[in-house]
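Visitor: What follows is a predicted protein model with its sequence.
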Amino acid sequence: MHTATFPVFKFRGHEHDLFIVHTISLQCDACDRRTGVGYVCNECDFSIHHSCAFLFNIPEIFDHPSHVGHCLKLLTTGAPHHTDPTCHLCGTNTKSILYHCSDCKLNLDIVCISRHIFSSSQDHLLVPWHHHPIQICYADICAFCNGGNELGCLCLLCGFKIHLTCVSVFDSPEITHPSHVRHPLKLLTDGAPIYTDPRCHICGEDTRHLIYHCDICKFNLDLRCAIKSPPPVALSNLKVHEHTLTLMPRLISFVCDACGTEGDRSPYICVQCDFMIFHQKCAQLPRVIHVNHHDHRVSYKYPLGPGEWRCGVCWEEIDWSYGAYSCSLCPNYAIHSLCATRKDVWDGKELDGVPEEVEDIEPFKRNDDNTITHFTHEHNLMSLNKDGEESSLCGACVRPISSDTFYKCSESYCKFILHETCANLRKKKRHFLSLEQLVLSQWKNYDSFPRWCDACLLVCSEGFMYGAMFDLVCSSIDVPFIHGSHPHHLLYLKLQDGHFKTCQSCGIDHTKVVLGCVKCNYFLDFRCATLPLTVRLPIYDDHPLTLCYGEKASGKYWCDICERETKPETWFYTCLDCGVTLHILCVLGDIRYAKPGGKICEGFELQLNSSSTRPICLNCRCRCPGTFFINFVGYGEVHDDYNGFFCSFYCLKSFIFRGSTEYHTMCPPWVKKLEPNT
């Protein structure tokens, strides 16, 4: 059943209401093709394209030459049960829509009827390069420009559609094309002949309805290669090869020397060097570039040279006898040519001839053996390695110092402290999450609205970040990413519009970025992929909590924090000593880098939930079960509506934006299942 949108339409010939739908795969019961905007009936599963709906204007036919004297009526629910369901002229199945004579029990399908409609209509066109008459109507998808919703033409016999403004492009049914000068190419409007490869012999794309064809050579050209952007017959002044390359417009199997991928048609060749490339893109490969998977420049090299090479982006093997990109400073680093020039890997800048600047990436200056000046802090920091600060939180990662070596501010009134490893974080670095170089800075939420990491979508209250949108945890991930929940390495995937992947841990669908193993169809979002393996909650239990990747169990599990049921097949935290199970959100909350007194935005402060009486959330009316809760402390003009506590960022945002269902965080388990507490 289709998901319909209003308004409702009523057409003669169909007893039920029809609804308009917008989809690219609507199965039309008139032309029997899948495409375009149309109308559907949810009661009898009838559907028809918008451009074919003119049939509703012809509910009865009295003058059909095969059935003179009787009336043929339009039916949209299939042939009556007491009749033969096939067309009585051509013998094909009539399907849902047909014309029927109740006196003679005669059925005619739409193809046979349409010939009569076109021959008797006064508003059809006879186009010299199309072998059927075409009816004037609105074309939802034009065969030439792929645009829609303009006045155009439709052939009900073969489904061909074209805008009236595009008809003039094909005034000549034959052309002479530079890629096929031996014979003229003829325009065909019903697709490639069955005796040829149906794809364009130059670019390999589907030719669809409109193509140019040579029946002598069995050669096909789509509209883009024939008219819109014809491929050049020769390529010169290339950075991947010193000689001019010539187009060979033939179906031929080969391996592209520039990128190492297999081709099956129309290479550009250099006869002098026996050099062949498949894609025009390969001919325009840049010589020197920056990629976001590596800190140094990489340069194109053909051939790459002997060695065991793996691509730094897709992690597949590189055949060293073909071209690839390599780093002159890192002898084992290389990238496939097509991987290096992907839109989510390369920023599009050619650096050949551009002098490389020496960048300052050191995060601090060393004053002496024990004192440094860090670029994020105004005072000098002293290097220490002694007890007394184990419970203090690092200003970068907002985690306890524990027994690690650290730097502490030399001023007694300043409590700023850094792990030694955090103090050594580079000031600038390149990362696959961004095309631009990322710069280290402090995360400060003193604006009127919270900021969150664009990878894990968690709100951050304190600490360091890279760029304007990535926290330290997500920006520290390298590929290939090894995770204990899966036997294979995971790679970064930036999803295309309209695509989504489901996280194996939380079951949420993501449309932007994930980490995954495509071969196993296994994917993790950044929030779940960066969950700590062990956690300590001093206010709950002295034992460490361990991350469990789900398990099959017949009994019920219960969370000891929110006292609600957990799903054992999803990830959870457990105490190996006590055997308890805990929701991940109950343990960690939905705010990263949380610490007492930290602010997620102006006026909203985090407080430790350690008192014997837990506050009640202003949004969900539940008692806050987590380690932290959000307290409204006021700003500027006091908003009385916000005066209270919130158990999570989810509740804070849903309270401010009432009625909205889109949040940058998960709904905590106690919010969905817990009745309002009093």
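Guide: Cool, got the structure. Numbers count the residues shown, from 1 in each chain.
Visitor: Restrict stretch 643-660 to CA atoms and write it as PDB.
Guide: The C-alpha atoms that make up stretch 643-660 are tabulated as PDB, following Å, rounded to 0.1, in the frame of the first residue of the first chain:
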ATOM      1  CA  ASN A 643      12.800  27.500  35.800                       C
ATOM      2  CA  GLY A 644      13.500  23.900  36.900                       C
ATOM      3  CA  PHE A 645      15.600  20.800  36.200                       C
ATOM      4  CA  PHE A 646      16.000  18.600  33.200                       C
ATOM      5  CA  CYS A 647      17.100  14.900  33.300                       C
ATOM      6  CA  SER A 648      18.800  15.100  29.900                       C
ATOM      7  CA  PHE A 649      19.600  17.300  26.900                       C
ATOM      8  CA  TYR A 650      16.800  15.400  25.100                       C
ATOM      9  CA  CYS A 651      14.300  16.700  27.600                       C
ATOM     10  CA  LEU A 652      15.700  20.200  27.600                       C
ATOM     11  CA  LYS A 653      15.500  20.500  23.800                       C
ATOM     12  CA  SER A 654      12.100  18.800  23.500                       C
ATOM     13  CA  PHE A 655      10.800  21.200  26.200                       C
ATOM     14  CA  ILE A 656      12.100  24.300  24.400                       C
ATOM     15  CA  PHE A 657      11.000  23.100  20.900                       C
ATOM     16  CA  ARG A 658       7.600  21.600  21.900                       C
ATOM     17  CA  GLY A 659       6.000  19.500  19.100                       C
ATOM     18  CA  SER A 660       9.300  18.900  17.300                       C
END
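Visitor: Pull out the buried positions in it.
Guide: By neighbour count on 16 or more other Cβ atoms under 10 Å, the buried set for stretch 643-660 is 645-655. C-beta here means a position set from N, CA and C on the backbone, and glycine is covered the same way.
Visitor: Now render those as JSON lines, adding pLDDT, secondary structure and distance to Cys409.
Guide: What follows is the buried residues of stretch 643-660, written out as JSON lines (pLDDT from 0 to 100; DSSP: H, G, I helix; E, B strand; the rest coil; distance: Cβ to Cβ, whole Å):
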{"residue": "Phe645", "pLDDT": "89", "secondary structure": "strand", "distance to Cys409": "32"}
{"residue": "Phe646", "pLDDT": "91", "secondary structure": "strand", "distance to Cys409": "32"}
{"residue": "Cys647", "pLDDT": "91", "secondary structure": "coil", "distance to Cys409": "34"}
{"residue": "Ser648", "pLDDT": "90", "secondary structure": "coil", "distance to Cys409": "33"}
{"residue": "Phe649", "pLDDT": "89", "secondary structure": "helix", "distance to Cys409": "30"}
{"residue": "Tyr650", "pLDDT": "87", "secondary structure": "helix", "distance to Cys409": "35"}
{"residue": "Cys651", "pLDDT": "88", "secondary structure": "helix", "distance to Cys409": "36"}
{"residue": "Leu652", "pLDDT": "85", "secondary structure": "helix", "distance to Cys409": "32"}
{"residue": "Lys653", "pLDDT": "83", "secondary structure": "helix", "distance to Cys409": "35"}
{"residue": "Ser654", "pLDDT": "82", "secondary structure": "helix", "distance to Cys409": "39"}
{"residue": "Phe655", "pLDDT": "80", "secondary structure": "helix", "distance to Cys409": "38"}
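Visitor: So which of those is the closest to Cys414?
Guide: Nearest to Cys414 out of the buried residues of stretch 643-660 is Phe649 (Cβ to Cβ; 29.0 Å).
Visitor: who's in contact with that closest one?
Guide: For Phe649, the contact set (Cβ atoms under 8 Å, 6 or more residues apart in numbering) comprises 450, 459, 590-591, 600, 630, 665.
Visitor: quick one: buried residues of stretch 356-370?
Guide: Going by 16+ other Cβ under 10 Å, stretch 356-370 has these buried residues: 363-364.
Visitor: any idea how far that stretch is from the chain center?
Guide: 39 Å (Cα atoms, centre = their mean, to the nearest Å).
Visitor: which one of the buried residues of stretch 643-660 is nearest Phe46?
Guide: Looking across those and measuring by Cβ to Cβ, the closest to Phe46 is Ser654, at 40.8 Å.
Visitor: what about the closest one, distance to Gly395?
Guide: Note on Ser654: its distance to Gly395, by Cβ to Cβ, to the nearest Å, is 31 Å.
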